[in-house]
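just coords:
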């Protein structure tokens, strides 16, 4: 049975049980401050479980793309070293929202595994929650009774809170779970040692394949449990592990999920998978990581140095490093695996097929950058080894600088060190790594208090499309949140005109006014899952009365104009640059906006001018906003609406139209394009391979920008004596400047030649060679240039300089070509001398320089250089 058939049978089975088959949510999470990536199948239903919105269905099933790079069994550095853990994986799941519960979930799991997938029932075990005195919970008798219909008593095992009680986080929905395990050991081993004794141990052949979670409680901030009003089912089964079971493989990487990729890696590298343990690990790492990288890019997350982008860059660089170190790849190779991955997974996930070219280009650029980083890291390692030649130990601080600043993996540092007879102070490295992790924890640690409820209600009505003032709003609940050590108050109302930050558009600010006349500032509005949260400066004195909610209307109008202008810009780019242009991100505030889009080269000045003209043309046309707020996806597609990859759309969507522009969008927009006023591009640049960014302003900000440009022109004209044709005057000035530069270069060349002759005349016999010793120089740059000439022309000659230049110590060491041929190396010798001035340096064997901090060390540094001559 192929992996494609296994996935299809799962979905078909639950469709036959009345489940709605939903598409996978994006792997990159955008509106949940607690998550960067989807790490479980239930993430897209989180707001339903939290009660923030009602489910549009009673039952659902899907295959969800997930990413885990931290937590239990998910340390990134361990992926590839075993045969069953992954970064990116698929989670097969079925859900019930207040519909069926434990008995049906267990019965259907058994039916699918045994009747459909034909797994031998004698190999299966089930665990049941034994209860917890700390939480006041008892043995899950309902689940145990359901399992007794299918399994003998000795295959039904009790599990503790650690293994059999699932929690979303420190607070929130939770409940007991029942895990299904399978014993894949040979018959003789199963006869000798019962599988029951190996469940939830380190035995990899007795493993969990499906977890059935029965959500029936809510964990409060003080730790106690309260029953949920509606009980839900959330199950998750690892697709890759299931394929290994059904295809009779001992390793996930031996299934057809990965064999196509591994075969391609073998072909590209010239190595075979089973050639050695190192090649096996390297190919598993690469086959795993290319999937995580590609799906993240397809969902709109580009590699970067911050947050989710940093995670993807780290995964990519780990894959490159394994290919570089163990498979001999010195050129980009991950990008060449993308076509195979698309062939394997493009049918189930069409977004990667649709964006294959972009994925390849982004990965290629990242690979090239990291290969350059590896070269820089190896050169730094040479410096570190020279600096620590006496101890033969690379300090942990230096290893951490390589790791943190240059992205140089510490195990590669260790490998290079050991090959040269050095070791790495790993204890010191771990200390620095611990400090970094602590800084990261402090920067991101949030503490959420329990919600205090004032009025019952779940759904929050957003009225901001039609108004900026809403009267009669009721405060549903409030809580205190400590974020980055700063305490904030969060309020939720039953209806609000405040837009919560989402889709690149910033949140609204404004005020709320109580029935008693108390005015409280709303500093920001955010979206948490599907809940609109108002960040307030303080809690109202009376929380039970009605409130008037007033958005800062002037600020909102500017945000609306900028957001609508991103749609016009998108349209103009597609018309002028090409229909291949796709939006890849945006940021919209009241001052400016930025727009990221796919394109593989810099826009020409002519293209930028044409785009500006086209956008302003659409602004002057004053196209009214036409919208359909409750369209089906089919209706939206029929209207020609543009959807964004990496966005999760519901069954009903909002379509926004301005003349030729039609897009799916839930943001706030101006009533007509004429309100935008005027559009001006501030900059156009690259942010990644195949991704460009335009920053722009509109309205008053655009007017201020143009006024500033005109002021600059007037100032320059005045500086040029109010020349009638300013361009001609500037051209004359540039030509004159070029002439002066040439004259100065000739003068400098003459001075350098004279200085070279002076140095030659000052050479004195020393240690059997002609040596120039310099303790003062009028110009260190001229000294270096003169020494460079001498290095090529003189014979049996050396120059050693230890001088103060602009208040800083500088060293120079030169050996003539014949001395270099005899074994002298200025680059190596000067590094030792540089320690005396608390610095470093290097260069070629014939000429090297160094700088430092300690002027008092110049004499000692000179002495060391002279000893080397």
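Now that the structure is in, tell me what you want to look at. Here the structure is a predicted model, which is why all the values come from computation and not from measurement.

which residues sit against stretch 758-778?
783, 786-787, 790, 794, 796-805, 812, 819, 858, 862, 866, 869 (Cβ atoms under 8 Å, 6 or more residues apart in numbering). Where C-beta positions appear, they are placed from N, C-alpha and C, glycine not excepted.

Show me those that map onto strands.
Among these, the residues falling in strands (DSSP state E) are 797-805, 812.

Need the max-distance pair from these.
Farthest pair in these (Cβ to Cβ) is 797 and 804. Separation: 24.3 Å.

And the two? Which one has more around it.
Neighbours per residue (other Cβ atoms under 10 Å) separate residue 797 from residue 804, with residue 797 holding more: 22 against 14.

How about the contacts made by that one?
Applying Cβ under 8 Å, 6+ apart, one finds that residue 797 lies in contact with 763, 769-772, 790, 814-816, 819.

same check, this time on residue 702
Applying Cβ under 8 Å, 6+ apart, the residues near residue 702 are 677-680, 696.

Which single one of those is nearest to residue 500?
residue 696 (24.1 Å).

Now the phi/psi pair for that closest one, please.
Note on residue 696: backbone dihedrals following degrees, to the nearest 10 are phi -150, psi 160.

is it in a bridge, and if so with what?
residue 593, residue 681 (DSSP bridges).

Is it in contact with residue 595, as I believe?
Yes: shown here, residue 696 and residue 595 form a contact pair, counting by Cβ atoms under 8 Å, at 7.2 Å.

Common neighbours of these two, please.
Shared contacts of residue 696 and residue 595 (Cβ under 8 Å, 6+ apart): residue 569.

Near residue 507, how many other residues are there?
Counted with other Cβ under 10 Å, residues neighbouring residue 507 total 21.

Please name the nearest non-neighbouring residue to residue 582.
residue 598 (4.7 Å; Cβ to Cβ, 6 or more residues apart in numbering).

Tell me who's in contact with the one you found.
358, 580-582, 584, 690-692.

try residue 838
By Cβ under 8 Å, 6+ apart, the neighbours of residue 838 are 852-854, 857.

all strands in the stretch 1-150 of the chain, in order from the N-terminus.
Here the stretch 1-150 of the chain has its strands, by DSSP state E, counting those that start in this stretch, at 20-21, 59-67, 88-97, 124-129.

circling back: mind checking which of the contacts of residue 838 are buried?
Using 16 or more other Cβ atoms under 10 Å as the burial test, the contacts of residue 838 include 852, 857 as buried.

out of the contacts of residue 838, who's nearest residue 267?
For the contacts of residue 838, the minimum distance to residue 267 (Cβ to Cβ) is 50.6 Å, reached by residue 852.

Can you name the residues that contact that closest one?
By Cβ under 8 Å, 6+ apart, the contact list for residue 852 reads 808-809, 811, 834, 836-840.

swap in residue 835?
By Cβ under 8 Å, 6+ apart, the contact set of residue 835 is residue 387.

Most neighbours of all the contacts of residue 702, which one?
residue 679 (27 neighbours).

Hmm, that one is touching residue 615, no?
Yes: judged on Cβ under 8 Å, residue 679 makes contact with residue 615 at a distance of 4.6 Å.

Mind listing the shared neighbours of those two?
565, 568-569.

ok so, going back, buried subset of the contacts of stretch 758-778 as a ChimeraX selection?
Here is the ChimeraX command that selects the buried residues among the contacts of stretch 758-778 (16+ other Cβ under 10 Å):
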select :783,786,787,790,794,797,798,799,800,801,802,803,805,812,819,858,862,866,869
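
Could you provide the contacts of residue 797 in CSV, with additional columns for secondary structure?
CSV is the format used below for the contacts of residue 797 (DSSP: H, G, I helix; E, B strand; the rest coil):
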residue, secondary structure
763, coil
769, strand
770, strand
771, strand
772, strand
790, helix
814, strand
815, strand
816, coil
819, helix
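
Which of the shared contacts of residue 679 and residue 615 sits closest to residue 401?
Closest approach to residue 401 among the shared contacts of residue 679 and residue 615 (Cβ to Cβ): residue 569, at 41.4 Å.

who's in contact with the closest one?
Residue 569 sits next to 595, 611, 615, 679, 694, 696 when contact means Cβ under 8 Å, 6+ apart.

quick one: which of these is nearest residue 220?
Nearest member of the contacts of residue 569 to residue 220, counting by Cβ to Cβ, is residue 595, at 43.1 Å.

Mind checking what secondary structure the closest one has?
strand.

Let's have the contacts of residue 598 in a markdown table, adding distance to residue 369.
As requested, those are arranged in a markdown table below (distance: Cβ to Cβ, whole Å):
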| residue | distance to residue 369 |
| --- | --- |
| 358 | 17 |
| 580 | 24 |
| 581 | 24 |
| 582 | 23 |
| 584 | 19 |
| 690 | 14 |
| 691 | 14 |
| 692 | 17 |
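
which residues sit in contact with the residue sitting nearest the centre point of the chain?
Nearest residue to the geometric centre of the chain (Cα atoms, centre = their mean): residue 309, 1.7 Å. Residues near residue 309 by Cβ under 8 Å, 6+ apart: 301-303.

repeat that for 6 Å
302-303 (Cβ atoms under 6 Å, 6 or more residues apart in numbering).

Quick one: mean pLDDT over the host helix or strand of it.
Using DSSP states H and E, residue 309 sits within helix 307-326. For helix 307-326, mean pLDDT is 90.

After that helix, heading C-terminal, what element do we hit next?
The first helix or strand that comes after helix 307-326 along the chain, using DSSP H and E, is helix 338-345.

Distance from the chain centre to that following helix, please.
Distance of helix 338-345 from its chain centroid, counting by Cα atoms, centre = their mean, to the nearest Å, is 22 Å.

Show me what that helix is packed against.
For helix 338-345, the elements it packs on are helix 259-269, helix 356-387, judged by 3 or more Cβ pairs under 6 Å, 6 or more residues apart in numbering; DSSP states H and E.

Not counting whichever helix or strand comes after the first one itself, show me its contacts.
Later in the chain than helix 259-269, the nearest helix or strand by DSSP H and E is helix 277-298. Residues from elsewhere that reach helix 277-298 (Cβ under 6 Å, 6+ apart): 27-28, 65, 67, 79-81, 86-88, 253, 258, 261-262, 265, 271, 273, 312, 315-316, 319, 322-323, 326-327, 334, 337, 341, 351-352, 355, 359, 362.

And the buried ones among the residues you listed, selectable in PyMOL?
The following PyMOL line selects those of those that are buried, judged by 16+ other Cβ under 10 Å:
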select buried, resi 27+28+65+67+79+80+86+87+88+253+258+261+262+265+271+273+312+315+316+319+322+323+326+327+334+337+341+351+352+355+359+362
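
still on that earlier bit, ok, of the contacts of residue 797, which one's closest to residue 487?
Set against residue 487, the nearest of the contacts of residue 797 by Cβ to Cβ is residue 814 (63.2 Å).

ok, the closest one to residue 854 distance?
Noted for residue 814: a distance of 23 Å to residue 854, by Cβ to Cβ, to the nearest Å.

Then residue 345?
Noted for residue 345: a distance of 59 Å to residue 854, by Cβ to Cβ.

Residue 251 too?
57 Å.

Show me the beta-bridge partners of the residue lying farthest from the centre of the chain.
Computed with Cα atoms, centre = their mean, the residue of the chain farthest from its C-alpha average is residue 765, at 61.6 Å. Beta bridges link residue 765 to residue 770, judged by DSSP bridges.
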